[in-house]
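Visitor: I'd like to go over a predicted model; first the sequence, then the structure.
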Amino acid sequence: MKETALSAIPARGRGFAGFGRFNARWLVPLVLSVLVVSGTDLGLLVRDTLAEAYLQVTVFVAATLIAIYALEQRFAFDLNTRMAQAGVGQVPIAACLGLLPGCGGAIVVVTQFVNGRIGFGALVAVLVATMGDAAFLLIAAAPQTAGVVLGVSWLCAVAFGWAIDGLHGRDYLRPRPVASQAQGSCVVEPGGFGLTIDRAWLGLLVAGTPLAVAIAFQQDPNAWFGGFAVYEPVTWFGCVAAIAATALWASRIDESRTHSVARPPAAGPTNPVSVASGPLAWARQARFDTTFVTVWVIAAFLLFELGIVATGIAPEAWFVAAAPLMPLIGGLVGFIPGCGPQILLTTLYLSGIVPLSGLLANAIANDGDALFPAIALAPKAAVMATLYSAIPALLVGYGAFALGY
């Protein structure tokens with residue numbers, strides 16, 4: 001019997017038994033749904049947070065992963081294998097993926113580290129290079145500054161990633177490698193209900209992509225709906241899609257996450273194109289990689305928003321400080337997982353409140369949403385990589401401050 005892309009998934013994650021039995025995970029989508037439909041102030045906050053998580057994180061992560069899977073199949077190469085075999089080239093490759101706006105490229109690298117395929121220096125490099133969703137805003141509003149910030153971040157990422165590998169060795173804190181799966185079989189499953197889920201997931205991504213892009217460039221796509229804008233259709237769409245992601249996570253359909261799922265094989269004379277070697281397969285792979293991340297992002301976003309409500313401290317107040325403290329504050333804000341605080345700091349830079357030195361420190365220290373899977377699956381490595389990223393952040397930030405920026 002030929003091995004399929006899903007045959008390597010543990011039995012509990014391969015089937016749909018999760019829909020037929022209750023487990024504690026189902027409390028997550030259930031509680032979120034009850035809060036959203038309650039109509040209370042807390043319910044509205046939860047609704048908006050769910051929409052933000054899906055439209056500002058999940059869509060971009062999934063889109064990046066789908067693009068990578070499609071390119072791998074089109075050009076018959078395996079990025080995972082190339083990175084694993086790249087040696088010292090792992091660090092610059094990771095830094096390049098980190099530069100991609102959004103967090104998709106960074107999450108690809110974090111996944112490879114968690115699977116034991118790349119070294120600790122590459123993990124540090126991608127976290128130093130990534131600017132997360134804040135890159136969209138900076139590129140749109142100040143492209144020249146974006147070029148400088150991203151260029152400096154890449155140079156720091158490569159130099160510091162190599163330095164870390166030289167100091168600790170490439171195997172420092174690296175998990176045991178996961179055996180790679182066969183790449184040459186023709187994949188034709190899943191069918192029936194699984195195929196329906198693939199189509200529904202891909203449909204949500206296609207519908208959500210233009211909405212997510214508009215939000216990333218600080219536009220309100222609700223306005224596209226004319227008189228219906230008052231009902232906030234985009235917000236409700238993002239909320240429902242996020243709850244659907246938590247339901248998939250609760251069902252354990254995607255239990256394998258990214259650990260043991262083989263990519264769809266490249267089409268060729270001995271491997272005709274099938275359902276599982278096209279967009280539906282790429283969407284399935286993206287779903288495997290994003291449902292778990294989405295749940296963590298939702299948890300972090302809710303914790304952040306509820307913390308603001310509980311303390312009554314507006315995030316803007318964090319940046320009311322003397323100029324010499326701005327690089328330090330920018331770096332500290334970068335330690336906060338997620339992209340919300342980083343977008344806020346970038347907005348304050350564009351408004352003239354935060355200097356370039358603070359923005360540079362934040363861009364280098366900022367790990368975006370890529371930190372969530374690392375915290376969940378390799379917490380010690382995640383903490384150490386984040387702490388290490390503070391060194392170039394403060395060096396560059398205060399260097400720029402000394403030069404008058």
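Guide: Thanks, I have the structure now. Numbers count the residues shown, from 1 in each chain.
Visitor: by contact count, what packs against the strand or helix carrying T196?
Guide: Take DSSP states H and E as the rule and T196 turns out to sit in helix 193-216. For helix 193-216, the elements it packs on are helix 59-74, helix 233-251, helix 279-311, judged by 3 or more Cβ pairs under 8 Å, 6 or more residues apart in numbering; DSSP states H and E. Just so you know, the C-beta spots here come from the backbone N, C-alpha and C atoms, and that holds for glycine as well.
Visitor: L202 contacts G278, correct?
Guide: No - at 10.4 Å, L202 does not count as touching G278 under the criterion of Cβ atoms under 8 Å.
Visitor: for these two, indicate the residue with more neighbours.
Guide: Higher neighbour count among L202 and G278: L202, with 19 against 14, using other Cβ atoms under 10 Å.
Visitor: show the pLDDT at the more buried one.
Guide: Looking at L202, its pLDDT stands at 88.
Visitor: contacts only, for it.
Guide: Residues near L202 by Cβ atoms under 8 Å, 6 or more residues apart in numbering: 279-280, 283.
Visitor: now do the domain split for this protein, please.
Guide: Annotated domains of the chain cover 11-309, 318-402 [automatic domain parsing].
Visitor: weakest of these by average pLDDT?
Guide: For the domains of the chain, mean pLDDT drops lowest on domain 11-309, to a mean of 78.
Visitor: tell me how far it is from the chain's mean position?
Guide: 5 Å (Cα atoms, centre = their mean, to the nearest Å).
Visitor: could you check how far the residue nearest to I215 when sequence neighbours are not counted is from L371?
Guide: Leaving aside its sequence neighbours, I215 sits nearest to L55 (Cβ to Cβ, 6 or more residues apart in numbering; 5.6 Å). Separation of L55 from L371 (Cβ to Cβ, to the nearest Å) stands at 20 Å.
Visitor: re the thing from before, pretty sure the residue nearest to I215 sits against V234.
Guide: Yes - if you go by Cβ under 8 Å, L55 and V234 touch, sitting 7.4 Å apart.
Visitor: what about those two, which has more around it?
Guide: L55 (26 against 22).
Visitor: could I get the contacting residues of that one?
Guide: So L55 contacts 208, 211-212, 215, 234, 238 (Cβ under 8 Å, 6+ apart).
Visitor: equivalent analysis for A376, please.
Guide: Contacts of A376 (Cβ under 8 Å, 6+ apart): 292, 296.
Visitor: pull out the buried positions in whichever strand or helix holds it.
Guide: Applying DSSP H and E as the criterion places A376 in helix 371-377. By neighbour count on 16 or more other Cβ atoms under 10 Å, the buried set for helix 371-377 is 371-377.
Visitor: of all the residues you listed, which two lie farthest apart?
Guide: L371 and L377 (11.2 Å; Cβ to Cβ).
Visitor: how about the contacts made by the residue nearest the centre of the chain?
Guide: When Cα atoms, centre = their mean is applied to the chain, the residue found nearest the centroid is C103 (3.9 Å). Neighbour list for C103: 57, 60-61, 130, 132-133, 339, 368-370 [criterion: Cβ under 8 Å, 6+ apart].
Visitor: ok, now with 6 Å
Guide: 61, 132, 368-370 (Cβ atoms under 6 Å, 6 or more residues apart in numbering).
Visitor: in TSV: the residues you listed, plus neighbour count and distance to L71.
Guide: Output for the contacts of C103, formatted as TSV (neighbours: other Cβ atoms under 10 Å; distance: Cβ to Cβ, whole Å):
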residue	neighbour count	distance to L71
V61	25	16
G132	30	22
G368	26	22
D369	31	22
A370	30	20
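Visitor: thinking again about what came up before, now do the shared contacts for L55 and V234.
Guide: Residues touching both L55 and V234 (Cβ under 6 Å, 6+ apart) are L211.
Visitor: between the helices and strands packed on helix 193-216, which one is nearest to V158?
Guide: Between V158 and the helices and strands packed on helix 193-216, the shortest separation by Cβ to Cβ is 20.7 Å, and it involves helix 59-74.
Visitor: could I get the buried residue list for the closest one?
Guide: 59-66, 68-69, 72-73.
Visitor: so that helix versus helix 193-216, what angle?
Guide: 120 degrees (axes from the mean of the first three to the mean of the last three Cα atoms, to 10 degrees).
Visitor: list the helices and strands helix 59-74 packs on?
Guide: In terms of contacts (3 or more Cβ pairs under 6 Å, 6 or more residues apart in numbering; DSSP states H and E), helix 59-74 is packed against helix 104-114, helix 193-216, helix 279-311.
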